[in-house]
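Novice: Fold the following and give me the result.
(one chain, ligands or ions: 1)
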Amino acid sequence: MKLSTIRKLGCALAAVGLVGSSGCKNTNFIGTKEEVRLGRDAAEEIARRHRVVTGTPEARRVAEIGARIIEHNDKRPGVPYSFKVLDLKEINAVSLPGGPVFVYRGLLDLLGRDDDALACVIGHEVGHIDARHSAKQMSQQLAANIGILVLLKGRSAQDIGSLTTSLINLSYSRSDEYEADHRGLSYAHRAGYKATGLLTFFQKLRKLEKDREQGVEILRTHPLTTARMDRARKIIEKQDYRFGR
Ligand SMILES: [Zn+2]
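Specialist: Numbers count the residues shown, from 1 in each chain. Just a heads-up that it's a prediction; the model follows:
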């Protein structure tokens with residue numbers, strides 16, 4: 001499909017109120033309201049599939065660090081952020097379009113009491129939400145496959161199920177990872193955490209990757225390259241936390 005056709009399609013969809021009008025300027029066809037609806041549906045589906053931990057010190061800790069991060073992020077009006085713990089042993093964290101963040105118990109076990117590292121990981125996930133990375137990927141799929149329209153309006157339980165699975169397994173590009181790291185470092189620093197927490201987290205992942213035969217879940221969805229580690233280290237050395245300002 002030609003880019004001009006894609007743009008026209010985006011504008012046409014915006015005109016009928018199916019997506020946000022930002023689609024007329026770029027390839028992100030999905031507006032904030034739709035993003036919030038998709039994220040809410042997927043978060044409810046995740047809560048049906050897995051146990052969400054509530055009322056424990058760990059659940060409170062994740063919610064409190066998340067709340068501090070979003071006092072210092074790049075504000076997105078109309079986005080209801082939430083920070084929850086899933087009782088799953090995998091080392092993973094997931095952000096959904098429009099606000100929900102889930103931290104897996106396995107990741108908390110890996111990080112221990114290191115609030116700085118946890119704040120950097122949560123900051124990274126908020127960075128994906130603020131940069132609208134999953135909405136961008138969904139828009140690209142929309143351009144490639146009109147069938148995804150089903151996911152945007154009149155969704156069945158089955159549609160929500162497959163949407164949730166693809167959002168959980170969505171693999172970010174290298175440039176999306178760089179951007180989420182830069183945002184995450186910036187948010188964590190502004191919120192009063194040590195940005196070096198991200199490097200501690202990377203080192204733990206690297207060690208784990210060497211020690212374990214099985215893949216580490218978070219590395220599949222958020223690829224960790226040497227270039228990514230170097231970039232994060234340079235940002236911290238230069239104290240270049242002023243992302244997007
Ligand atoms: Zn990421």
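
Novice: residues contacting the residue in the chain that the ion sits nearest to?
Specialist: Relative to the ion, the nearest point of the chain is residue 222 (3.4 Å; C-beta to the ion). Glycine gets a C-beta too; all of them are placed from N, C-alpha and C. Contacts of residue 222 were listed using C-beta atoms under 8 Å, 6 or more residues apart in numbering, and they are 124, 172, 177, 180.

Novice: Can you name the element that comes right after the helix or strand hosting the third one?
Specialist: In other words, residue 177. Here residue 177, judged by DSSP states H and E, is contained in helix 174-190. Following helix 174-190 in sequence order, the next helix or strand is helix 197-211 (DSSP H and E).

Novice: Which neighbouring elements make contact with that following helix?
Specialist: When contacts are defined as 3 or more C-beta pairs under 8 Å, 6 or more residues apart in numbering; DSSP states H and E, helix 197-211 packs onto helix 105-111, helix 115-130, helix 174-190, helix 217-221, helix 226-238.

Novice: let's see 6 Å
Specialist: Judged by 3 or more C-beta pairs under 6 Å, 6 or more residues apart in numbering; DSSP states H and E, the packing partners of helix 197-211 are helix 115-130.

Novice: Can you tell me which of the contacts of residue 222 has the most neighbours?
Specialist: Comparing the contacts of residue 222 by number of neighbours (other C-beta atoms under 10 Å), residue 124 comes first, having 27 neighbours.

Novice: so it sits right up against residue 178, yeah?
Specialist: No. Taking C-beta atoms under 6 Å as the definition, residue 124 is not a contact partner of residue 178, at 10.7 Å.

Novice: Could you list the low-pLDDT ranges of this protein?
Specialist: 1-27, 142-154, 213-214, 243-245 (pLDDT under 70).

Novice: what about 80?
Specialist: 1-29, 75, 139-156, 158-159, 212-215, 242-245 (pLDDT under 80).

Novice: need the residues of it near the ion, please.
Specialist: 172, 177, 180, 222 (C-beta under 5 Å from the ion).

Novice: redo that, cut-off 6 Å
Specialist: 124, 128, 172, 177, 180, 222 (C-beta under 6 Å from the ion).

Novice: List of residues touching the helix holding residue 177?
Specialist: For helix 174-190, the external contacting residues (C-beta atoms under 6 Å, 6 or more residues apart in numbering) are 69, 72-73, 119-120, 123-124, 127-128, 131, 133, 195, 198, 222, 228, 231-232, 235, 241, 243.
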